[in-house]
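> model this:
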Amino acid sequence: MKRTIITSLFALVCMTGLGQEDSDLLYIFPSKEIYETGEDMWFKAYLMDRQTLALSDRSKTLYLQMRSETGDVVWSEKYPLTDGRGDGHVYIGDKWQQGEYFIEGYTRSSFTTDSTIAIRPRRIRVVDRVTQMDSISSEAVKQDSIQRLSAKHRFDLFPEGGNLIDGVNAVVAFKATYGNGLPEEVSGKVIEDGHEKAAIHSIHDGMGLFTLCPHSGKDYKVVLSDGRSYPFPAIEPKGMALRVTRNNNSGITLLISAPDTMTRQFTILAKMRDILCCSAKGTVRGQQEVKLPIDNFLMQGIVEITLMEGNRPIAERLVYVNPQQQLKISAKTDRQQYNRRDEGKTTLKVTDPSEQPIKAELAISIFDKAYLYQPGHENILSHCFLSEEIRGNIFNPTYYFDDQNEDRLQALDLLLMTQGWRRYVWDRELAQGTPIITDGVKGKDLKERWQYIQTFTPQSDTCMVMTDSLGRFEINPILMKNLWGNIYLKPLVKSPKARLSLVSPFDTINCYQQGRPRYLPQHYIFKTAHGERNITNGFGTVVLKDVYVMAKHQSPYRDKVIGSLDSLAILASGEWVCDCHADGTSGYLNDYHGYSHHPVGYYPPKPDLKRRLPKRGETYRLIKYEPGGPNGKWMLKMDPFNIVYSGPQYTEEELLKKYGMWKAQGYYPKREFYEPDSIDLMTPTPDARNTLQWKPAVLTDENGNAEVPFMASDVNTEFIGIVEAIDGSGLLGYQTFTFRVIKNK
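Alright, predicted model coming up:
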């Protein structure tokens with residue numbers, strides 16, 4: 001058998017690969033995975049180049065949506081991105097229904113017209129109290145048992161390379177599932193013309209493999225131990241087969257087989273993330289061994305190896321390489337056990353693959369371990385290196401990136417054989433797609449050209465933008481960072497012709513996301529064990545809500561700008577208040593639907609009389625006079641009475657139209673994560689914080705070191721810390737640590 005070493009024809013740094021150029025990948029890291037109503041969900045977002053995983057600055061705005069299990073959008077807000085990074089929070093409202101929610105992020109460079117790119121949300125669960133997860137888990141275990149007995153079972157065979165060829169030894173992988181794709185452990189036999197050829201059994205999560213030399217004309221099937229029978233795929237009479245015989249630190253060894261008596265020409269293409277890493281041409285008659293040196297693959301990830309005959313792809317194989325090419329994180333607390341309200345410290349150290357210290361940016365969350373939601377659990381490694389690369393829902397994707405799982409690489413190879421896929425898209429423009437959303441606020445004046453538009457917020461931040469010759473304008477992200485919250489726009493042209501039309505990016509997103517596949521990590525819901533949780537079970541989570549000061553009759557206008565417009569509407573109505581002899585009320589309401597304490601023609605108001613505007617929700621005195629009394633005097637028409645003032649009734653849209661203004665959605669306001677100090681914790685009020693620390697941007701020093709302090713709460717249970725790291729050039733890292741908080745002695 002001939003052996004050939006195929007060397008790289010294209011260096012990674014100067015590739016001219018086919019595909020997703022200038023396309024980005026978005027990853028969102030939530031502070032935990034189970035939330036109680038009334039809490040904040042904190043998150044960190046990374047925008048990375050899809051090919052190199054280096055931080056990307058191609059987009060400046062993150063559009064974040066949260067959907068319920070039924071697909072309803074319950075949250076739509078914008079957040080700024082700076083050099084590929086962003087962070088913020090989502091308020092989990094008291095009225096949110098219990099159940100699963102899906103975090104979906106969109107940016108200009110990651111969401112395009114290419115409808116073949118799937119949406120990969122992050123899954124969380126919302127409950128009223130985390131102790132309800134016990135009943136949810138019990139019900140899930142019950143439903144799982146029912147599904148195993150009654151739900152649809154599936155068994156699929158996957159010949160390595162894609163096809164079975166007559167007379168060519170083949171490796172055949174299989175995958176058994178039930179219900180919605182949950183793995184099923186199976187065993188059985190491979191039968192050839194009624195005779196057993198091999199025994200099979202699952203190796204990992206319902207997946208396994210066997211070897212076979214198939215022959216045309218013979219009948220092959222798999223019979224499982226429970227009697228189910230599945231036929232083999234068709235056996236091709238001729239062709240070429242592709243097998244991976246070795247994958248280690250030296251490289252990938254391939255075996256090309258062709259049973260024909262004639263010599264066949266072939267081409268090997270090996271790509272990572274659509275970047276061509278090496279390519280070669282050769283001939284085969286019988287078998288040909290090909291070696292791809294590991295030096296051709298500088299990154300961690302999936303290599304797509306394609307066997308081509310002429311311009312026709314005939315076999316493909318996905319292979320995982322360089323699992324060690326990642327940031328290594330050491331995370332240790334100064335103690336493994338803390339008393340309630342103790343001060344703790346986490347020491348972090350980050351090194352590169354050669355274990356040299358490196359500067360990196362870390363995001364860290366420390367929370368009650370009961371708030372992990374296994375069905376939605378994922379991390380930066382599994383998402384970027386696996387979930388974004390292959391099609392379908394992946395069961396327990398983090399398993400393949402946990403060094404404690406000694407069989408993880410073998411299991412990962414099985415996964416790639418049974419779930420790997422390739423799209424042969426050679427049209428570069430079609431593969432890339434075009435942007436459909438923008439970073440800023442775009443609009444057009446449908447009537448005027450070359451005019452200034454004033455923009456401002458409820459915080460009185462203001463700036464000016466100018467339309468072009470077609471009436472178009474844009475509030476760019478730089479200006480938006482000074483205009484947090486709702487943005488109000490007012491054309492400065494005095495004529496009534498000005499009419500603005502604003503682009504709604506979320507409407508565009510909701511239109512273009514329809515019909516796209518959505519892939520999620522899968523896992524069983526295991527029965528939870530909360531352990532010693534007397535404090536949490538005693539009073540639940542203490543939720544500090546936003547405080548609103550309201551009158552007895554709440555005004556429907558909460559926004560400061562809209563409130564000002566409402567006051568202007570009241571001023572324009574001419575209604576006013578005087579304090580003449582109005583004991584027990586806020587004064588007399590004047591010029592109000594014929595009621596007035598100072599009607600025209602009656603005695604004039606005193607020069608020093610103070611006029612003031614009425615306020616919605618306050619109580620005023622009404623009185624009415626009419627002429628016709630003796631000597632031309634005015635007479636009291638009816639006895640005075642009190643009313644609660646509601647004022648002119650305008651909707652927000654009517655107020656904006658009345659004053660020639662428009663409203664656009666700006667960046668969601670930032671908040672700081674609450675960190676109590678030792679003085680704060682001296683209060684006897686129970687401290688039920690389940691998230692002890694959230695730091696979205698911790699920078700290591702030149703020695704790769706960083707420290708993160710935290711204060712324990714009154715929740716005595718096991719806590720988990722999750723650390724995710726990125727160096728900006730393509731190296732990623734993930735680590736966890738645990739400790740306990742116990743009752744004070």
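> From here on, just use CA atoms for contacts and neighbour counts.
Will do.
> quick one: terminal-to-terminal distance for stretch 282-290?
Counting by CA to CA, to the nearest Å, you get 9 Å between the two ends of stretch 282-290.
> ok now it, how far from the chain's centre?
Put simply, stretch 282-290 sits 46 Å off its chain's centre (CA atoms, centre = their mean, to the nearest Å).
> Please point out which parts of that stretch sit buried.
For stretch 282-290, a neighbour-count test (16 or more other CA atoms under 10 Å) marks 284, 285, 286, 287, 288, 289, 290 as buried.
> which residues of the stretch 451-600 of the chain fall in helices?
Counting by DSSP state H, counting those that start in this stretch, the segments of the stretch 451-600 of the chain that form helices are 477-480, 505-512, 534-539, 560-573.
> what's in contact with the shortest one?
With CA atoms under 8 Å, 6 or more residues apart in numbering as the contact definition, helix 477-480 has outside contacts at 60, 61, 80, 439, 440, 463, 666, 667.
> Just the ones of the buried residues of stretch 282-290 in strands?
284, 286, 287, 288, 289, 290 (DSSP state E).
> For the fourth one, which residues count as its bridge partners?
Note on residue 288: beta-bridge partners by DSSP bridges are residue 2, residue 256.
> I'd like the distance between it and residue 271.
21 Å.
> Where in this protein is the helix or strand with the lowest mean pLDDT?
helix 534-539 (a mean of 42; mean pLDDT, DSSP states H and E).
> In the protein, where is pLDDT below threshold?
Along the chain, segments meeting pLDDT under 70 span 1-21, 139-150, 420-432, 494-497, 526-558, 581-584, 601-606, 631-632, 745.
> Who are the contact partners of the closest residue to residue 579 other than its chain neighbours?
In this structure, residue 579 finds its nearest non-sequential neighbour in residue 587, 4.4 Å apart by CA to CA, 6 or more residues apart in numbering. Applying CA under 8 Å, 6+ apart to residue 587 gives the contacts 577, 578, 579, 580, 581, 620, 621.
> can you redo these as TSV with distance to residue 23?
Shown next, in TSV, are the contacts of residue 587 (distance: CA to CA, whole Å):
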residue	distance to residue 23
577	62
578	65
579	67
580	70
581	72
620	62
621	66
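> so which of the residues you listed is the most crowded?
Among these, the one with the most neighbours (other CA atoms under 10 Å) is residue 621, at 26 neighbours.
> so which helix or strand takes in it?
Assigned by DSSP states H and E, residue 621 belongs to strand 619-627.
> One more: residue 43?
Assigned by DSSP H and E, residue 43 belongs to strand 40-49.
> right, and the helix or strand after that strand?
Next along from strand 40-49, by DSSP H and E: strand 61-68.
> Now do the helix or strand following that following strand against strand 61-68, angle only.
Note on strand 61-68: by DSSP H and E, the next helix or strand toward the C-terminus is strand 73-80. Interaxial angle, strand 73-80 versus strand 61-68 (axes from the mean of the first three to the mean of the last three CA atoms, to 10 degrees): 160 degrees.
> Tell me who's in contact with the closest residue to residue 110 other than its chain neighbours.
Setting aside the residues directly before and after it, residue 110 is nearest to residue 24 in space (CA to CA, 6+ apart), at 4.7 Å. Contacts of residue 24 were listed using CA under 8 Å, 6+ apart, and they are 47, 48, 49, 50, 56, 109, 110.
> can you tell me which of the residues you listed lies nearest to residue 513?
residue 110 (12.3 Å; CA to CA).
> contacting residues for that closest one?
With CA under 8 Å, 6+ apart, residue 110 has these contacts: 23, 24, 25, 26.
> Quick one, which of the residues you listed are buried?
23, 24, 25, 26.
> In strands, which of those residues fall?
Members of the buried ones among the contacts of residue 110 lying in strands (criterion: DSSP E): 24, 25, 26.
> Would you mind giving those as CSV with distance to residue 386 added?
Converted to CSV, these look like this (distance: CA to CA, whole Å):
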residue, distance to residue 386
24, 15
25, 12
26, 14
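> which SSE is residue 653 in?
Assigned by DSSP H and E, residue 653 falls within helix 652-658.
> Run me through the strand neighbours of the helix or strand that comes right after that helix, direction for each.
Moving toward the C-terminus from helix 652-658, the next helix or strand (DSSP H and E) is strand 662-664. When pairing is defined by DSSP bridges, strand 662-664 lines up against strand 487-491 (antiparallel).
> how far off helix 560-573 does the strand it pairs with point, in degrees?
50 degrees.
> got a list of contacts for strand 487-491?
By CA under 8 Å, 6+ apart, strand 487-491 touches 451-458, 498, 660-666.
> one more time with 6 Å, if that's ok
The contact list for strand 487-491 (CA atoms under 6 Å, 6 or more residues apart in numbering) reads 453, 454, 455, 456, 457, 661, 662, 663, 664, 665, 666.
> need the helices for the stretch 301-450 of the chain, in chain order.
Using DSSP H, counting those that start in this stretch, the helices found in the stretch 301-450 of the chain span residues 380-382, 408-419, 428-432.
> how about the ones you listed, which one is nearest residue 225?
Nearest to residue 225 among these is helix 408-419; the distance by CA to CA comes to 21.1 Å.
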